[in-house]
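model the following, please.
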Amino acid sequence: MKNILLTGATGFIGSHLVEQLAKEDMRILALVRKKSDTRVLKKLNIELFEAALDDENQLIQVFDSLSSQNIQLDFVVHCAAITKGRNLEEFMHINREGTERLVSLIKKHQHPLQKFIFLSSLAASGPTLLNESISIKDKSPITDYGRSKLAAELSLEQSGLPYLIFRPTAVYGPGEKDIFSVFKIISQGLNPLIGKHEQQLTFIYVKDLVSLIIQGLHSQVIDKTFFASDGKVYSKQALGNFIRQSLRKKTLTIKIPLWLVRIIAYGSQTVYSFRNRLSPLNLEKFKELKAQSWVCEVEPTFRAFDFQPEYDLQKGVKETSEWYVEEGWI
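A predicted model of the protein is given here:
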């Protein structure tokens, strides 16, 4: 039986991934933070190791424990990361340096790793112009989050470990909390439309992303980077329209100019900082909202893994809406 180490198992994507991995013939080990909710993982009989990516001593203790139990890792799927931070240094400390700590200990303990799968982000590439596609060679992130993900990618590429990197576009689905804010607003009868500019957006449903990651585990593909999306291009109105349809809600469309969004983002970021909290709408998020195109070249992904997404945005939004309603989120 193969041993697989998973980080971020209690997060949005990781929680969906671990449920599917539990069906595989693998021994699953999960790195979890001290205060994480691990009830689901315990029900799935996942072996838990308590450590935070920014605590080197905790990570050392975990790998010492693995060695003392003669547990050798065959695979690593690294999903853990922060998507919100106060500055570039904070993003780098977790997303890049946390990845480097993990890689260093794997090498130090000489685990016979077959593959290290790193869940990066389309943010590592940065956006492009209308009617153009982002190439996997593009490395022009516009946010600190994207810069930290790109830095982690580069560290992994230079590590000598057999790696596979996925850069998913916007991921949504049951349990997601950021795009959920759009569901929440529309459920209240409002449909905000930001800016007059045209946008081309891409999405991937969490179940499709999980399927791709597992296909990546079983594939012979190593030392390459791939985008992950459902392969379709959407206008900025599409998400709201599909949510409204799925919730059967009549909404009032509110057009908000970009200059006002920027002011709101700055104000929100400032107020939250005084409270020592991170604002969901900030200047970094504003950069993404005003970008023209997040269309990426996903055909190589489809070919390399014979991957065919099961969900387009309409189908995924419908299933996600039903989950939010059933769970009492909206």
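
contacts, neighbours, all on C-alpha from now
Noted.

how about the helices of the stretch 151-300 of the chain, start to end?
180-187, 206-218, 238-247, 258-274, 283-290, 299-305 (DSSP state H, counting those that start in this stretch).

do you know which of those lies nearest Gln158?
For Gln158, the closest of those is helix 206-218, at 20.1 Å, according to C-alpha to C-alpha.

specify the angle between the helix or strand of the chain with the lowest mean pLDDT and helix 283-290 in degrees.
Lowest by mean pLDDT, DSSP states H and E among the helices and strands of the chain is helix 258-274, with a mean of 85. Taking axes from the mean of the first three to the mean of the last three C-alpha atoms, to 10 degrees, one finds helix 258-274 and helix 283-290 inclined to each other by 160 degrees.

test of understanding: give the bridge partners of Ile194.
Ile256 (DSSP bridges).

worst average pLDDT in the helices of the stretch 151-300 of the chain?
For the helices of the stretch 151-300 of the chain, mean pLDDT drops lowest on helix 258-274, to a mean of 85.

buried sites along the least confident helix or strand of the chain?
Leu258, Val261, Arg262, Ile264, Ala265, Tyr266, Gly267, Ser268, Gln269, Thr270 (16 or more other C-alpha atoms under 10 Å).

and stretch 104-115, by the same measure?
Leu105, Ile106, Leu113, Gln114, Lys115.

these in strands, which ones?
Lys115 (DSSP state E).

right, and Ile243 touches Phe183 too?
Yes. Counting by C-alpha atoms under 8 Å, Ile243 sits close enough to Phe183 to count as a contact (6.4 Å).

who touches both of the two?
Ser321 (C-alpha atoms under 8 Å, 6 or more residues apart in numbering).

related to what we said a few turns ago, export the buried residues of helix 258-274 as CSV, with columns for distance to Met26.
What follows is the buried residues of helix 258-274, written out as CSV (distance: C-alpha to C-alpha, whole Å):
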residue, distance to Met26
Leu258, 49
Val261, 47
Arg262, 47
Ile264, 48
Ala265, 45
Tyr266, 47
Gly267, 48
Ser268, 45
Gln269, 43
Thr270, 46
